[in-house]
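J.: turn this into a model:
(2 chains)
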Amino acid sequence: EADIYQTPRYLVIGTGKKITLECSQTMGHDKMYWYQQDPGMELHLIHYSYGVNSTEKGDLSSESTVSRIRTEHFPLTLESARPSHTSQYLCASTIPDSFGEKLFFGSGTQLSVL
Amino acid sequence: KQEVTQIPAALSVPEGENLVLNCSFTDSAIYNLQWFRQDPGKGLTSLLLIQSSQREQTSGRLNASLDKSSGRSTLYIAASQPGDSATYLCAVYYGGSQGNLIFGKGTKLSVKP
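T.: Predicted structure coming up:
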């Protein structure tokens, strides 16, 4: 099993603020991901990383950035938050399984931008 | 375009019933398929992972089947319990980059006592 920690759990901020959503894991997993999920909708990949100093953009990456300076830490930054960023943000990592790579998720950060 | 569809969007059953959740995908050239459970306001919990070469996987009261040729997977839940109430999502992986992991919108299951 993987333990993935996301902070904060809930965040309410005003438009234009810079915010960083934290994600950390203590299992030494190389592969980590950020997903965005609106209620009742599918998950969309924002960014992913295959290891230290490796970051790639997903479908919805244009308004956010990530860094991977340490294996265990994968923060997501919004430079200027907008109401359209209101959503749930989920961090995940993968571990090899007998049948492929299994995704493990953190509990998420629910972001509201006023 | 690769799409994953889950029907119905919501399902309500009495406790004790056996039930089937459906997942269909437009491109049958999958690498693997994963079923997840999501509780309200929480992240996803992996339930079962099926490789493209497999027909089914079982874990406790859960059984997932895969029919690549018809582009379908089903999640069978035996003897449902109120604690099974959650949203169930399937995700299809086509290999290569992580961007090739496509999620469905999920089926919201409610098991009434």
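J.: residues in contact with the residue nearest to B:Pro14 when sequence neighbours are not counted?
T.: Nearest non-adjacent residue to B:Pro14, counting by CB to CB, 6 or more residues apart in numbering or on different chains: B:Lys112, 5.3 Å away. Every residue, glycine included, has its C-beta placed from N, CA and C. Neighbouring residues of B:Lys112 by CB atoms under 8 Å, 6 or more residues apart in numbering or on different chains: B:12-15, B:82.
J.: now restrict the residues you listed to buried residues only.
T.: The neighbour-count test (16 or more other CB atoms under 10 Å in any protein chain shown) applied to these identifies B:Val13 as buried.
J.: per-residue confidence for the residue nearest to B:Pro14?
T.: What the model reports for B:Lys112 is a pLDDT of 96.
J.: cool, A:Ser98 as well?
T.: pLDDT, A:Ser98: 67.
J.: also B:Tyr76?
T.: B:Tyr76 carries a pLDDT score of 97 in this model.
J.: what secondary structure does it sit in?
T.: Of the three states, B:Tyr76 takes strand according to DSSP: H, G, I helix; E, B strand; the rest coil.
J.: what's near enough to touch A:Ile46?
T.: Contact analysis of A:Ile46 by CB under 8 Å, 6+ apart lists A:34-36, A:57-61, A:64, A:66, A:76, A:89.
J.: please enumerate the helices of chain A.
T.: Assigned by DSSP state H, the helices in chain A number zero.
J.: flag the shaky bits of it, pLDDT-wise.
T.: By pLDDT under 70, the weakly predicted segments of chain A are A:1-2, A:61-62, A:97-99.
J.: ok, and the closest non-adjacent residue to residue 23?
T.: Since no chain was named, I'll use chain A. Per CB to CB, 6+ apart, closest to A:Cys23 is A:Cys91, 3.5 Å.
J.: look at chain B instead
T.: For B:Cys23, the nearest residue in space outside its immediate sequence neighbours is B:Cys90; the separation is 3.7 Å by CB to CB, 6+ apart.
J.: and that neighbour, how far is that from A:Ser87?
T.: Applying CB to CB, to the nearest Å, one obtains 21 Å for the distance of B:Cys90 from A:Ser87.
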